[in-house]
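Visitor: Using only what follows, build the 3D model:
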Amino acid sequence: QVQLVESGGGMVQAGGSLRLSCAASGLTFSSYSMGWFRQAPGKEREFVAAFSRSGGETYADSIKGRFTISRDNAKNTVWLQINNLKPEDTAAYFCAASGSWWPATSPNTYSYWGQGTQVSVSS
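Guide: Below is the predicted model of the structure:
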């Protein structure tokens, strides 16, 4: 059974930083591209960042320069470092696994999803 478990969310002030983690089990982690998405109340889930199994990274334009995705295949873990947090970053953040070779930005490409971790940023 595949499980993706996110952690690291919380309430922070604008300008602060968080490091989200996603621990994967039940799959051959190195064979999957990993992505982060977020969903704010009343909005659709949106792509944030992806780290493909081919070694490529891609980011949403709206967060470039502030977010960094990384992964360690030996630890079956992917991280999302978020710096200079803004109130508009407030959302539930989800990690997901895709069999795509390349970094995938569409949620339809992802087969497995975590339950999410909440990030709340106050001004």
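
Visitor: Helix, strand, or coil at the residue nearest to the spatial centre of the chain?
Guide: Most central in the chain under CA atoms, centre = their mean is residue 36, positioned 2.2 Å from the mean C-alpha point. Of the three states, residue 36 takes strand under DSSP: H, G, I helix; E, B strand; the rest coil.

Visitor: Could you verify my assumption that it touches residue 49?
Guide: Yes. The pair residue 36 / residue 49 is scored as a contact, 4.9 Å apart, by CB atoms under 8 Å. From N, CA and C alone the C-beta is placed, and that goes for glycine too.

Visitor: Would you double-check that residue 88 falls in a strand?
Guide: No. Counting by three-state DSSP, residue 88 is not part of a strand but helix.

Visitor: buried sites along the lowest-mean-pLDDT helix or strand in the chain?
Guide: Lowest mean confidence among the helices and strands of the chain (mean pLDDT, DSSP states H and E): strand 57-59, at a mean of 95. Neighbour counts using 16 or more other CB atoms under 10 Å place 58-59 of strand 57-59 among the buried residues.

Visitor: again with stretch 116-123
Guide: Quick answer for stretch 116-123 (16+ other CB under 10 Å): 116-117, 119, 121.

Visitor: Stretch 30-43 now?
Guide: So, applying 16+ other CB under 10 Å, buried residues of stretch 30-43: 32-38.

Visitor: re the thing from before, list just the nearest of the buried residues of stretch 116-123 to residue 85.
Guide: Using CB to CB, residue 121 is the member of these that lies nearest residue 85, at 4.6 Å.

Visitor: hey, what's in contact with both of residue 36 and residue 49?
Guide: 67, 69, 80 (CB atoms under 8 Å, 6 or more residues apart in numbering).

Visitor: Would you mind measuring from the residue nearest to residue 53 when sequence neighbours are not counted to residue 79?
Guide: Setting aside the residues directly before and after it, residue 53 is nearest to residue 33 in space (CB to CB, 6 or more residues apart in numbering), at 5.1 Å. Residue 33 is 15 Å from residue 79, where distance means CB to CB, to the nearest Å.
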